[in-house]
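>>> mind looking at a prediction? Sequence and model below.
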Amino acid sequence: MNNMANTPTPHIGAQKGEIAETVIMAGDPLRIKFIAENYLENPVQFNSVRNMLGFTGTVRGKRVSVMGHGMGIPSIGIYTYELYHFYGVKTIIRVGSAGSYDPDLHLGDLVIAMGASTDSNYGAQYNLPGTYAPIADFDLLRRAAASCEEHGYHYKVGNVLSSDVFYSANPQTEKWRQMGVLAVEMEASALYMNAAYAGRKALVICTISDHILTGEVTTPEERQTTFNHMVEVALDLI
């Protein structure tokens, strides 16, 4: 039986000290395994609970962890809350896929989420007297944009939609697009709210995996192994 004094949550099997202060996260644990095997030096696995794989290693001599967060706001909400509050994590960078609403964003392009609109009720827990606007850490965002420029990657910075619904019975794509929302994904707003509540840092960098307007799509295999540009940008922030 795990000693809860050393493994503080039922969802993450790591002991205290096994997770770095900076964690790069992705929804797919197999993408995390790919990142650990191809980018980290001397990776050591710290989590396999629910197959939500996590590894700690180094990049250019700096300690970093990588971990899956699953699909949707409830899943990332649990994992990032625990990382911030129980494991001393200071910075979380999500690298994920998104569907483009923007005619100028195509497969493989990057979106850096400055803000995250949402149709989720996640923020109701804070009992705020209005509508909260979840936003990224500016220093991380500024450096991510500079990294994209240096690498020559095509990217945009702006608002994304974190939706609770993947298969919508009543799509509202055009309404969000008219308000300048660049793309849709399913996790950024909860991550940004958790970071704000904990007084920590967060950033979401997404690769366009499909285009809602044109029907362009990538395969699951491409999503798992070929979205390298956003990973390289995230590692530049360590």
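Now that the structure is in, tell me what you want to look at.
>>> give me the pLDDT for the nearest residue to residue 37 once chain neighbours are set aside.
Nearest non-adjacent residue to residue 37, counting by C-beta to C-beta, 6 or more residues apart in numbering: residue 43, 7.1 Å away. Every C-beta, even on glycine, is put in place using the N, C-alpha and C of the backbone. The per-residue pLDDT reported for residue 43 equals 98.
>>> pairing partners for the helix or strand in which residue 43 is found, with directions?
Secondary structure from DSSP states H and E places residue 43 in strand 41-47. Strand 41-47 sits in its sheet next to strand 54-59 (antiparallel), going by DSSP bridges.
>>> so how far is the strand holding residue 43 off the chain centroid?
Relative to the chain's own centre, strand 41-47 is displaced by 19 Å; criterion: C-alpha atoms, centre = their mean, to the nearest Å.
>>> with stretch 230-238 instead?
That offset, for stretch 230-238, works out to 12 Å (C-alpha atoms, centre = their mean).
>>> pLDDT (mean, whole number) over it?
The pLDDT scores in stretch 230-238 average 97.
>>> need the contact list for the residue nearest the centre of the chain.
The residue lying closest to the centre of the chain (C-alpha atoms, centre = their mean) is residue 94, at 2.0 Å. Taking C-beta atoms under 8 Å, 6 or more residues apart in numbering, we find residue 94 in contact with 24-26, 69, 76, 187-188, 191, 202-206.
>>> and what of residue 54?
Going by C-beta under 8 Å, 6+ apart, residue 54 touches 12, 14, 19, 32, 45, 46, 47, 65, 66, 67, 68.
>>> let's see 10 Å
By C-beta atoms under 10 Å, 6 or more residues apart in numbering, the residues touching residue 54 are 12-14, 18-19, 23, 25, 29, 32-33, 36, 43-48, 65-69, 79, 83.
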